[in-house]
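Participant: need a 3D model of the following:
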Amino acid sequence: MTALSSWELCVKYALFIFNFICWLAGSGVLAVGLWLRFDSRTSGLMDVQDSPSVFVTGVYILIAAGALMMIVGFLGCCGAIKESPCMLGLFFVCLLLIFAVEVAAGIWGFANRDRVVEEFTEFYKQTFSNYKSTGQEALKEALRIIHFGLNCCGPTGTEGTRDMCPKKEGMDILVTTSCPSAIDEMFNNRQHIIGGVGIGVGVITVRPEPELLMKSSELKEWFGEMGELDVCTLI
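Facilitator: All right, here's what the predicted structure looks like:
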């Protein structure tokens, strides 16, 4: 193996640092996903009958995304330090997959905003109705999570739910936002930001990596031979 030039050494350690940060970020995302799934205050939302598929799907996407980011970060770190073309090649393939998923998620967020709002609102109303008729503690906890998370109270703003709503003081007690209005406001005000961030992060993530990878003469040679390799050889 030929000695790396000063520029290639800079690329090597920049790639390592970038992917170590990616690995740490993946650990954080995975931790948040697992916390939402198993924490007693939020797992109730997933255990409730007719729980919103958007929330449930979102939690599992966080877990999967965190795990994938950790794998990508590991491949990038080890590939950079060991100067392994195979590991860096796998890293690049995974990066392209992440790019595709992030852009798709951003586009999906734009296209399905109204559906998400409608589904979550319907879930809230159904949960509230079921709690009023059964008084189940799990339903009460799910409503409490929504009330405190969105700073709202009940389907109309009060309706005998004060014990499950955020406490207010002074003049604020006269103005109480209903949860359907809070849900609609949250998604309408922030969905375009979430979608834009998903697309933007995908583009930013994948944009510098091919240039960094192709700076290495060894990787140039390896990528040049990619057409002669099958999938089994790559793995």
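
Participant: quick one, what contacts the nearest residue to A64 once chain neighbours are set aside?
Facilitator: Computed as CB to CB, 6 or more residues apart in numbering, the closest residue to A64 that is not its neighbour in sequence is G33, at 8.0 Å. Quick note: C-beta positions are derived from backbone N, CA and C, even for glycine. By CB atoms under 8 Å, 6 or more residues apart in numbering, G33 lies in contact with 59-66.

Participant: so how far is A65 from G33?
Facilitator: Per CB to CB, to the nearest Å, G33 is found 8 Å from A65.

Participant: do V29 as well
Facilitator: Look at V29 and A65: by CB to CB, they are 6 Å apart.

Participant: ok, now L75?
Facilitator: Taken as CB to CB, the span from L75 to A65 is 16 Å.

Participant: show me which of the two is the more surrounded one.
Facilitator: L75 (24 against 19; other CB atoms under 10 Å).

Participant: check which element follows the one helix or strand V72 maps to along the chain.
Facilitator: Using DSSP states H and E, V72 maps to helix 53-82. Toward the C-terminus, helix 53-82 is succeeded by helix 85-111 as the next helix or strand (DSSP H and E).

Participant: what angle sits between that next one and helix 53-82?
Facilitator: Angle of helix 85-111 versus helix 53-82, following axes from the mean of the first three to the mean of the last three CA atoms, to 10 degrees, is 160 degrees.

Participant: sorry, back to before: go through the helix holding V72 and flag the buried ones.
Facilitator: Neighbour-count burial for helix 53-82, counted by 16 or more other CB atoms under 10 Å, picks out 54-55, 59, 62-63, 65-66, 68-70, 72-77, 79-80.

Participant: and it, what does it pack against?
Facilitator: helix 6-38, helix 40-47, helix 85-111, helix 113-134 (3 or more CB pairs under 8 Å, 6 or more residues apart in numbering; DSSP states H and E).

Participant: can you list the buried residues in the longest one?
Facilitator: Neighbour counts over helix 6-38 (16+ other CB under 10 Å) mark 8, 11-12, 15-16, 18-19, 22-23, 26, 29-30, 33, 36 as buried.

Participant: what mean pLDDT does that helix get?
Facilitator: Averaged across helix 6-38, the pLDDT comes to 83.
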